[in-house]
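Asker: Provided below for reference: sequence and predicted model.
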Amino acid sequence: MKEQTSVSCSSNCSAIKDLNHNYHYFVSKLSHEIRNPLTLVYSSLQLIEKNYPDLPDSNLWGQIKQDVQDIILLLNDLSSLNNSSVLKPAMLNPADFLTSVAAACRPSIESQGILLSLEIPGDLPAVSADAIKLKEALINLLRNAQEALSEETEHVSPIDSSARKSAAADTGHHRKILIYAEHSEDFIRLHVRDNGPGIPSEYLNDVFDPFVTHKPSGTGLGLSIVKNIAKQHGGSVVISTNTCPPVTYTDVCISLPLSESSPEN
């Protein structure tokens, strides 16, 4: 009986593994096959717009372009969510990594009048991580912060942190995003913090659920992707937020274990 049970469990596990593999392949293939022609459609729309300058004045034309962009974004996020478990870890210097991410995102963020600051201790230990996936997670967080700061609010508070005074020293900027890192016990913690309106408490229960969004536009996959990437690295994601003036903010922290064997392959 025990031998039969063992064989049955082994067979079921193998079947589940095959099913999971086929599922991921199907989602990736479907996303790819739909996204490619849609990208060509969007390119054609841009060409048509160039040849017919009066078209952008039409609300219907603008809506068509936006709808196509939204579908492409959804497919990109769906593909990212589906592939977030595929890691290629290597030893990573957190300071160099965060500096690179900030440099890549700064032009887009600061073009909207938002100050992007970076605070990194000089003695952070290296961590085993997939640089591409981790960059994807941070870009998602930076995009969320940027969108939060684009909302109209009556009051925008300074970033509240005495340990990171340099980020708040420039009083000429009221909207701010801060990337900072810290070494805590056996973890490296990477933070993205903005001084936007914060996340209402009623949204926090499902904020990591796929396809759940409380924004006028968005796929609802960004934080799900971040959570999955952190989980596959053996880490976690925690959100701290406050919606009550005078200090409002959202701080999203990705914790990564320092053990080289922590990422799941």
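Answerer: That came through fine. Numbers count the residues shown, from 1 in each chain.

Asker: Identify the residues contacting Val192.
Answerer: Each residue near Val192 by CB atoms under 8 Å, 6 or more residues apart in numbering is listed here: 138, 141-142, 144-145, 177-179, 251-252. Yep, even glycine has a C-beta here, placed from its N, CA and C like the rest.

Asker: Quickly name whichever of those residues is closest to Pro200.
Answerer: Asn144 (14.5 Å; CB to CB).

Asker: Please work out how many residues are found near the nearest residue to the closest one once chain neighbours are set aside.
Answerer: For Asn144, ignoring the flanking residues on the chain, the nearest one in space by CB to CB, 6 or more residues apart in numbering is Gly222 at 6.0 Å. Using other CB atoms under 10 Å, Gly222 has 23 neighbouring residues.

Asker: so Gly222 makes contact with Gln146?
Answerer: No: the criterion here is CB atoms under 8 Å, and Gly222 misses it with Gln146 at 11.5 Å.

Asker: Surely Asn109 touches Leu116?
Answerer: If you look again at residue 109, you'll see it is Ile, not Asn. Yes: applying CB under 8 Å as the test, Ile109 and Leu116 come out as touching, 4.8 Å apart.

Asker: thinking again about what came up before, save the contacts of Val192 as CSV, and put in distance to Leu190, neighbour count and secondary structure too.
Answerer: Putting these into CSV (distance: CB to CB, whole Å; neighbours: other CB atoms under 10 Å; DSSP: H, G, I helix; E, B strand; the rest coil) gives the following:
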residue, distance to Leu190, neighbour count, secondary structure
Leu138, 7, 23, helix
Leu141, 9, 27, helix
Leu142, 11, 23, helix
Asn144, 14, 22, helix
Ala145, 13, 28, helix
Ile177, 13, 28, strand
Leu178, 12, 23, strand
Ile179, 8, 23, strand
Asp251, 11, 21, strand
Val252, 9, 25, strand
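
Asker: Any idea which of those residues the model trusts least?
Answerer: Minimum pLDDT for these is recorded at Asn144 (91).

Asker: quick one: it and Leu221 touch, right?
Answerer: No: with contact defined as CB under 8 Å, Asn144 does not count as touching Leu221 (11.4 Å).

Asker: helices and strands of this structure: which one bottoms out on pLDDT?
Answerer: helix 165-168 (a mean of 38; mean pLDDT, DSSP states H and E).

Asker: Which segments of this protein make up each domain?
Answerer: The record's domain parsing of the chain by automatic domain parsing lists 2-82, 90-257.

Asker: Single out the most deeply packed of the ones you listed.
Answerer: domain 90-257 (a mean of 17; mean count of other CB atoms under 10 Å).

Asker: Ends of that one, what's the gap?
Answerer: 13 Å (CA to CA, to the nearest Å).

Asker: which ones are touching the residue nearest to Gly198 when sequence neighbours are not counted?
Answerer: Excluding its sequence neighbours, the residue lying closest to Gly198 (CB to CB, 6+ apart) is Thr243, at 3.7 Å. By CB under 8 Å, 6+ apart, the contact list for Thr243 reads 197-201.

Asker: Next: Lys135.
Answerer: 97, 100-101.

Asker: do Leu45 as well
Answerer: 64-65, 68.

Asker: ok, now how distant is Trp61 from Ile48?
Answerer: 9 Å (CB to CB, to the nearest Å).

Asker: I meant to write Lys231 there.
Answerer: 43 Å.

Asker: Ok, Ser100 next?
Answerer: 37 Å.

Asker: Next: Gln232.
Answerer: Taken as CB to CB, the span from Gln232 to Ile48 is 42 Å.

Asker: what's the strand or helix carrying Ala103 in contact with?
Answerer: Element membership of Ala103 [criterion: DSSP states H and E] is helix 94-110. Applying CB under 8 Å, 6+ apart, the external contacts of helix 94-110 come out as 116, 118, 120-122, 124, 126-127, 131, 134-135, 138-139, 142, 146, 177, 179, 181, 188, 190.

Asker: what's the angle between the host helix or strand of Leu149 and helix 94-110?
Answerer: If you go by DSSP H and E, Leu149 is part of helix 131-150. Here helix 131-150 points in a direction 40 degrees away from that of helix 94-110 (axes from the mean of the first three to the mean of the last three CA atoms, to 10 degrees).
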